[in-house]
Each structure stands twice: as structure tokens, then as C-alpha cells.
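Any chance you could fold what I've pasted below:
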Amino acid sequence: MFFGFEQVVVRYVAALPGVRDAAVLTEEAVELDYEGPLEPLLRLRVADGVFRMLGVFLSSHSLDKMMQNLASQVELSSWNRDGKIPNDARDKRFCLTIELDPTLGVSYSDFRSEVTWMLQATLGARPGPSGIGTPIHLTVGSEAGWVGVGCTEQSLGVTEDSFESSLPSTVAAGMVLWAGIRPDDVFLDPLCASGEILIERANAGPVGALLAGDVELGSLKAHRPHLSEDRACVCRWDPRRLPLKHNSVDVIVTSLPFGNKTGDVQISRSLYRSMIREIIRLLKPTGRALLLAVENQLLAEL
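As a prediction, this is how the structure comes out:
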């Protein structure tokens with residue numbers, strides 16, 4: 001998940017058939033009480049991975065205490081409860097991923113080593129190379145951590161169409177959900193980059209029109225060559241002066257450029273000011289806009 005979208009994701013997944021309850025677990029995870037087939041969960045665009053919870057444990061600033069809590073509060077032996085891996089399998093492997101809050105002051109390498117040894121002893125399995133084996137994930141926050149076993153052989157954060165992108169697909173999907181999905185919307189991303197937001201809106205359901213563009217379309221053409229023209233109208237343009245009519249757009253969702261993409265703060269300020277002016281001009285009276293800005297303080301000052 002992505003920080004800031006948790007409540008949006010909770011509302012979305014809580015409406016799925018088979019979900020009895022949904023709540024924020026950490027800044028990067030949502031916990032579900034779910035009964036049903038896995039396919040709907042595995043298709044969630046807002047999730048990097050789907051895991052069956054093995055348990056929650058208390059965090060600690062002491063490595064020894066943390067390992068004691070993990071051993072006593074999480075039933076690691078239930079990792080193969082669904083029987084996917086035969087107990088007599090000769091080559092049982094797991095692929096471990098860990099997210100550890102640095103404010104705990106616990107060495108990541110030491111913690112990973114301790115967890116690996118514990119899993120080997122408890123599970124009777126050995127660690128595999130990256131992406132090989134049953135995924136096991138630990139997230140450890142300032143107060144508590146959780147352990148989950150992956151519902152697929154796919155590692156956390158890896159998707160079939162993954163490539164180096166300026167915006168993770170999960171973030172783009174969260175932004176689309178947050179902005180709202182209506183079948184007759186005229187949807188615009190004035191700075192589409194590699195097309196992540198555009199693709200997520202196209203996948204989210206019917207839409208009146210998909211409009212997008214950027215100062216350079218090389219990245220979009222390289223990574224999205226099969227984006228058909230009947231799904232979206234994509235143009236090369238100056239986002240500060242868009243060739244669109246006043247009050248013609250229902251939704252504008254985009255990721256604003258930052259850092260070396262703009263050059264310096266003064267250029268960012270000028271660009272942001274011009275783009276906000278354009279957004280106000282283009283939106284219908286009932287329109288919505290959602291902007292992702294790393295330099296949020298700069299945006300707030302405008």
C-alpha cells in the first residue's frame with residue numbers, strides 16, 4: 001500500500017463480496033476478514049501483495065526481546081495451513097521480505113539473520129533466492145509488527161508489467177479510487193509520464209473520455225505501446241497551456257514533477273502556479289482534482 005491511501009483502500013475492499021471486516025493494520029497494510037476465492041483479492045490494483053496473516057507481535061528496541069515476542073506471539077508453524085507444500089517435500093523454500101522501522105534502533109541485517117534462522121528451525125525450510133519460494137513478509141512498526149505468508153509465488157511489489165517507473169501502479173490505482181469513479185467522467189492527466197494513472201483509470205471501469213498528455217511522450221510509447229487510441233486520447237502538449245475548452249473536464253488526476261524534473265524551486269513554483277490556474281479553468285463546477293506533490297509545502301504556499 002502507500003501512505004495516505006489506507007482509508008481509501010479500506011472503503012474500497014470493504015465493499016468486496018466476502019469481506020466481513022476491513023481495517024488499517026499499518027501505514028502500508030490493510031487487514032481483511034475475508035471468506036471467498038482468492039482471485040478478487042489477487043486482482044486488486046492497490047495491493048503489492050496478498051498475504052494470509054500468521055500473527056501480530058509487539059515491537060521492541062531490543063533485538064532479543066523482539067525475537068522473543070515474535071516466537072511467542074506468532075504461530076509461524078501455521079505457514080502451510082492450506083497444504084500447498086507437502087510436508088514430505090524435499091526442497092521447501094521461503095522468500096523473506098522485511099520492512100523494519102529504523103527508529104527502533106535494531107540492526108536490519110541482524111534482525112533478518114535472526115528471523116531467517118528462526119524460520120528455518122520452525123518451518124523445516126530453507127531460504128531461496130529472491131523471488132523463489134513461498135513469500136513470507138514481516139513489517140515491523142514502532143509499536144507492533146505483523147507476519148504474513150504470500151497467497152501466490154510472486155514476491156512483494158513485483159507485477160507482470162513492472163518496469164522502472166516514476167509512479168508505482170499501486171499509488172496510481174489509489175489516486176484513481178480517491179478521485180472517484182463515475183462512468184460518464186471526462187478524465188484528464190495533464191502530465192501522464194509513463195501512463196500509470198491513465199492505465200489505472202482505464203482498468204477501473206467505464207469512463208466518458210480519457211485525456212492525457214505530456215511535454216514528451218517517449219516514455220509512454222516505450223512502455224505502453226498497446227494503449228489503443230479508442231481507450232485514450234494522448235497528446236504532446238505544454239501542461240501550462242492545454243488545448244482544451246473551459247469547464248470541459250470532470251476529473252483531473254496527476255503527479256506533479258519535482259526535483260531534477262523541474263530544475264529548481266523557482267521553476268517548480270512557476271510551473272505549479274500555472275498548472276493550478278489551468279486546472280481551475282478546465283474543471284466543471286462539480287469537478288474534482290487530485291494532485292500528488294512531493295514538494296507539498298511549495299504547493300500549499302501558492
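
The nearest residue to Leu104 once chain neighbours are set aside - how many residues pack around it?
Among residues not flanking Leu104 along the chain, His61 sits closest, at 5.5 Å (Cβ to Cβ, 6 or more residues apart in numbering). Using the backbone N, CA and C atoms, a C-beta is placed for each residue, glycine as well. By the measure other Cβ atoms under 10 Å, the count of residues near His61 is 11.

His61 and Val106, how far apart?
7 Å (Cβ to Cβ, to the nearest Å).

what about the chain, any weak spots by pLDDT?
Flagging of the chain using pLDDT under 70 yields the residue ranges 1-4, 80-91, 152-166, 222-230, 258-268, 295-302.

related to what we said a few turns ago, the residue nearest to Leu104 is in what secondary structure piece?
Assigned by DSSP states H and E, His61 belongs to neither a helix nor a strand.

Contacts only, for it.
Residues near His61 by Cβ atoms under 8 Å, 6 or more residues apart in numbering: Leu104, Gly105, Val106.

I figured the first one hits Ser142, correct?
What that stands for is Leu104. Yes - in this structure Leu104 lies within contact range of Ser142 using Cβ atoms under 8 Å: 6.8 Å.

So if I had to pick from those two, which one is more boxed in?
Leu104 (20 against 12).

out of everything not next to it in sequence, what's closest to Asn247?
Per Cβ to Cβ, 6+ apart, closest to Asn247 is Lys284, 5.0 Å.

buried sites along the helix or strand where that neighbour lies?
Per DSSP H and E, Lys284 falls inside strand 283-292. Neighbour counts using 16 or more other Cβ atoms under 10 Å place Leu283, Gly287, Arg288, Ala289, Leu290, Leu291, Leu292 of strand 283-292 among the buried residues.

Run the chain-centre distance for it.
22 Å (Cα atoms, centre = their mean, to the nearest Å).

same deal with stretch 48-60?
That offset, for stretch 48-60, works out to 17 Å (Cα atoms, centre = their mean).

so who does the closest residue to Ser60 other than its chain neighbours touch?
The shortest distance from Ser60 to any non-neighbouring residue, by Cβ to Cβ, 6+ apart, is to Met66 (4.3 Å). Counting by Cβ under 8 Å, 6+ apart, Met66 makes contact with Phe57, Ser59, Ser60, Leu104, Val106, Phe111, Val140, Gly145.

shouldn't Val10 be in contact with Ala22?
Yes - counting by Cβ under 8 Å, Val10 does reach Ala22; the two are 4.9 Å apart.

On the three-state scheme, Thr116 is what?
helix (DSSP: H, G, I helix; E, B strand; the rest coil).

if I read this right, it contacts Pro127, doesn't it?
Yes - Thr116 is within contact range of Pro127, at 5.6 Å (criterion: Cβ under 8 Å).

Need the overlap of contacts for the two.
Joint contacts of Thr116 and Pro127 (Cβ under 8 Å, 6+ apart) are Leu96.

Report the distance from the helix or strand containing Met66 to the chain centre.
Here Met66 is covered by helix 63-73, with elements defined by DSSP H and E. Distance of helix 63-73 from its chain centroid, counting by Cα atoms, centre = their mean, is 29 Å.

buried ones in that helix?
So for helix 63-73, counting by 16+ other Cβ under 10 Å, buried means Leu63, Met66, Met67, Asn69, Leu70.

Quick one: list the elements packing against the very next helix or strand once past that helix.
Per DSSP H and E, the first helix or strand lying C-terminal to helix 63-73 is strand 93-100. Packing partners of strand 93-100 (3 or more Cβ pairs under 8 Å, 6 or more residues apart in numbering; DSSP states H and E): helix 108-123, strand 126-127, strand 134-140.

In TSV, list these along with distance to Val46 and mean neighbour count.
TSV is the format used below for the helices and strands packed on strand 93-100 (distance: least, Cβ to Cβ, whole Å; neighbours: other Cβ atoms under 10 Å):
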stretch	distance to Val46	mean neighbour count
helix 108-123	27	15
strand 126-127	29	15
strand 134-140	17	23
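
All set, thanks.
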